[in-house]
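J.: take this sequence and fold it.
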Amino acid sequence: MSEGAIRKIIHVDMDAFCASVEQRDNPEAPRQAGRRGYGAKLGVVAAASYEARAFDVRSALPSTTALRLCPDLIFVPPRFDVYRSVSQQIRTIFARYTVLIEPLSLDEAYLDVTENRHGLPMASETAAIRARRFSETGLTASAGISSNKFLTKFASDMCKPNGRFVIPPQRGAEFIEAFS
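T.: Numbering: from 1, shown residues only. The predicted structure is shown next:
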């Protein structure tokens with residue numbers, strides 16, 4: 001990379017990752033409720049689907065409160081081995097585009113595509129990663145695109161679920177100022 005070149009960073013954040021994996025793997029189950037957690041009186045919601053979030057059910061919410069908010073809520077035991085496997089599958093897809101991958105957790109990562117494996121001149125063009133990831137895993141993600149990690153994280157939060165948001169480098173300061 002030439003000195004002074006603008007970096008091309010993507011923050012990919014899987015949408016309701018664990019809940020989405022459960023919905024994908026159990027398509028016969030109703031989609032109106034949360035899909036992961038323990039239903040015991042002292043349990044908490046470990047992850048909530050977007051359908052459950054419509055009822056204000058969120059991660060770390062006590063199970064009894066969640067059931068009051070959404071009586072049809074479905075709890076399933078977590079399958080960490082499956083989540084790790086799917087996460088690795090997604091990282092393999094990322095590696096087809098760049099060697100510079102910084103995982104943050106099972107469901108999100110930064111990708112530096114400044115010098116990507118497909119020679120695409122703009123980071124927004126590498127959004128093909130989203131299509132590839134969906135076709136191979138059946139899971140959606142939100143992607144923020146900009147010139148640094150701070151802006152990309154901000155951008156990915158702006159477009160949930162299943163969106164893509166670009167903050168051009170020359171508009172970064174203006175964008176942050178509008179939200180401070």
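
J.: what pLDDT does the residue nearest to Thr140 when sequence neighbours are not counted get?
T.: Using CB to CB, 6 or more residues apart in numbering and skipping residues adjacent in sequence, the residue nearest Thr140 is Asn162, 3.9 Å away. Every C-beta, even on glycine, is put in place using the N, C-alpha and C of the backbone. On the pLDDT scale, Asn162 is placed at 92.

J.: ok, Asn162 touching Ser142?
T.: Yes. Between Asn162 and Ser142 there is a contact under CB atoms under 8 Å: 6.4 Å.

J.: adjacent strands (with direction) for the helix or strand encompassing Phe165?
T.: Phe165 is part of strand 164-166, with elements assigned from DSSP states H and E. Using DSSP bridges, strand 164-166 pairs in its sheet with strand 141-146 (parallel).

J.: could you identify the helix or strand that succeeds the partner strand?
T.: Heading C-terminal from strand 141-146 (DSSP H and E), you reach helix 149-158.

J.: report the angle between that following helix and strand 141-146.
T.: 140 degrees (axes from the mean of the first three to the mean of the last three CA atoms, to 10 degrees).

J.: what mean pLDDT does helix 149-158 have?
T.: Averaging pLDDT along helix 149-158 gives 93.

J.: that older thread, give me the more crowded residue out of Asn162 and Ser142.
T.: Ser142 (22 against 14; other CB atoms under 10 Å).

J.: quick one: the more buried one from Ala5, how far?
T.: 26 Å (CB to CB, to the nearest Å).

J.: now Glu51
T.: Computed with CB to CB, the distance linking Glu51 and Ala5 is 43 Å.

J.: for these two, indicate the residue with more neighbours.
T.: Glu51 (21 against 10).

J.: SS state for that one?
T.: Under DSSP: H, G, I helix; E, B strand; the rest coil, the three-state class of Glu51 is helix.

J.: mind checking how far it is from Ser59?
T.: Distance from Glu51 to Ser59, by CB to CB: 14 Å.

J.: what of Arg53?
T.: 10 Å.

J.: so which elements touch the longest helix along the chain?
T.: Longest helix in the chain by number of residues (criterion: DSSP state H): helix 80-95. Counting contacts by 3 or more CB pairs under 8 Å, 6 or more residues apart in numbering; DSSP states H and E, helix 80-95 packs against helix 17-25, strand 101-105, strand 108-112, helix 128-137.

J.: can I see the domain layout of the protein?
T.: 9-16+79-178, 27-69 (automatic domain parsing).

J.: lowest average confidence across the ones you listed, which one?
T.: Mean pLDDT is lowest for domain 27-69 among the domains of the chain, at a mean of 79.

J.: just give me how far the strand holding Phe165 sits from the chain centre.
T.: For strand 164-166, the separation from the chain centroid amounts to 13 Å (computed by CA atoms, centre = their mean, to the nearest Å).
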